[in-house]
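[1] turn this into a model:
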Amino acid sequence: MSPEQLTFEIIKIVLAIAAAAFAYFKFFREGTHRQRIEFDIDYCDLGFIGAERAIEFGCIAENKGNVEQRFDGIRVTIRGIENGPLSQLKGHEPRLEFPVEIARASLVTDKWQYYFVRPKVKQRFPLVVNVPQSCSIVWVRATFKYQNTDDIHSAERAFRLPEIEA
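    Purely as a prediction, here's the structure:
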């Protein structure tokens with residue numbers, strides 16, 4: 001084997017090792033293929049109709065990763081506090097108790113089977129519910145499950161509702 005051929009073979013081996021190291025770093029150390037969802041909840045008060053208030057809650061999923069993420073289920077629980085004394089949730093002090101159950105919903109229907117968020121995309125999944133006029137604070141918990149895994153991601157927020165205008 002000539003020196004040129006030997007040099008060429010050494011260069012091929014070095015490049016193969018460098019490519020393997022890059023793949024290891026990119027996919028296993030950085031985890032570019034892993035789930036990277038930033039999840040939050042917002043709300044928009046739509047106003048009163050009679051004695052009830054319509055509110056739109058939004059579950060916001062921002063895909064910060066490099067692969068499309070799919071959700072089999074997005075579940076939302078909404079509870080409220082009526083105008084009255086505040087109490088702590090027994091067994092979970094000092095957390096506030098939200099005794100009024102307002103809604104429980106699944107945002108992924110059987111018709112659609114899953115939702116997805118593509119890489120670098122911020123997606124908002126809305127839910128419009130009616131909230132009793134007596135509630136002054138609402139608590140929202142949203143959870144989703146990544147498709148084909150048992151990983152669950154959640155977000156919780158509390159919102160003070162504006163007073164009724166006289």
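[2] which residue sits closest to the spatially most central residue of the chain, ignoring its sequence neighbours?
    Residue closest to the mean C-alpha point of the chain, counted by C-alpha atoms, centre = their mean, is residue 39 at 3.1 Å. Leaving aside its sequence neighbours, residue 39 sits nearest to residue 155 (C-beta to C-beta, 6 or more residues apart in numbering; 4.7 Å). Every C-beta, even on glycine, is put in place using the N, C-alpha and C of the backbone.
[3] now do the host helix or strand of that neighbour: distance to the chain's middle.
    For residue 155, the host element (DSSP states H and E) is strand 152-160. Centroid displacement of strand 152-160 relative to its chain, using C-alpha atoms, centre = their mean, to the nearest Å, is 9 Å.
[4] what are the pairing partners of it, and which direction each?
    Strands that pair with strand 152-160, judged by DSSP bridges, come out as strand 135-146 (antiparallel).
[5] need the CA coordinates for the partner strand. PDB is fine.
    C-alpha atoms of strand 135-146 as PDB (Å, rounded to 0.1, in the frame of the first residue of the first chain):
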ATOM      1  CA  CYS A 135     -66.800  32.900  40.900                       C
ATOM      2  CA  SER A 136     -64.200  35.500  41.400                       C
ATOM      3  CA  ILE A 137     -61.100  33.300  40.900                       C
ATOM      4  CA  VAL A 138     -60.600  30.300  38.600                       C
ATOM      5  CA  TRP A 139     -57.900  27.700  38.600                       C
ATOM      6  CA  VAL A 140     -57.100  25.800  35.400                       C
ATOM      7  CA  ARG A 141     -55.000  22.600  35.100                       C
ATOM      8  CA  ALA A 142     -54.200  21.300  31.700                       C
ATOM      9  CA  THR A 143     -52.300  18.100  31.000                       C
ATOM     10  CA  PHE A 144     -51.300  16.400  27.800                       C
ATOM     11  CA  LYS A 145     -49.800  13.100  26.900                       C
ATOM     12  CA  TYR A 146     -47.200  12.700  24.200                       C
END
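[6] bridging residues for the residue nearest to the centre of the chain?
    With DSSP bridges as the rule, residue 39 is bridged to residue 61.
[7] how about it, what does it touch?
    Residues in contact with residue 39 (C-beta atoms under 8 Å, 6 or more residues apart in numbering) are 59-62, 142, 144, 153-155.
[8] can you list those residues in JSON lines and add distance to residue 106, neighbour count and pLDDT?
    Shown next, in JSON lines, are those (distance: C-beta to C-beta, whole Å; neighbours: other C-beta atoms under 10 Å; pLDDT from 0 to 100):
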{"residue": "59", "distance to residue 106": "11", "neighbour count": "24", "pLDDT": "93"}
{"residue": "60", "distance to residue 106": "17", "neighbour count": "18", "pLDDT": "94"}
{"residue": "61", "distance to residue 106": "15", "neighbour count": "23", "pLDDT": "91"}
{"residue": "62", "distance to residue 106": "21", "neighbour count": "16", "pLDDT": "93"}
{"residue": "142", "distance to residue 106": "11", "neighbour count": "26", "pLDDT": "95"}
{"residue": "144", "distance to residue 106": "10", "neighbour count": "26", "pLDDT": "87"}
{"residue": "153", "distance to residue 106": "15", "neighbour count": "17", "pLDDT": "84"}
{"residue": "154", "distance to residue 106": "14", "neighbour count": "11", "pLDDT": "90"}
{"residue": "155", "distance to residue 106": "16", "neighbour count": "16", "pLDDT": "93"}
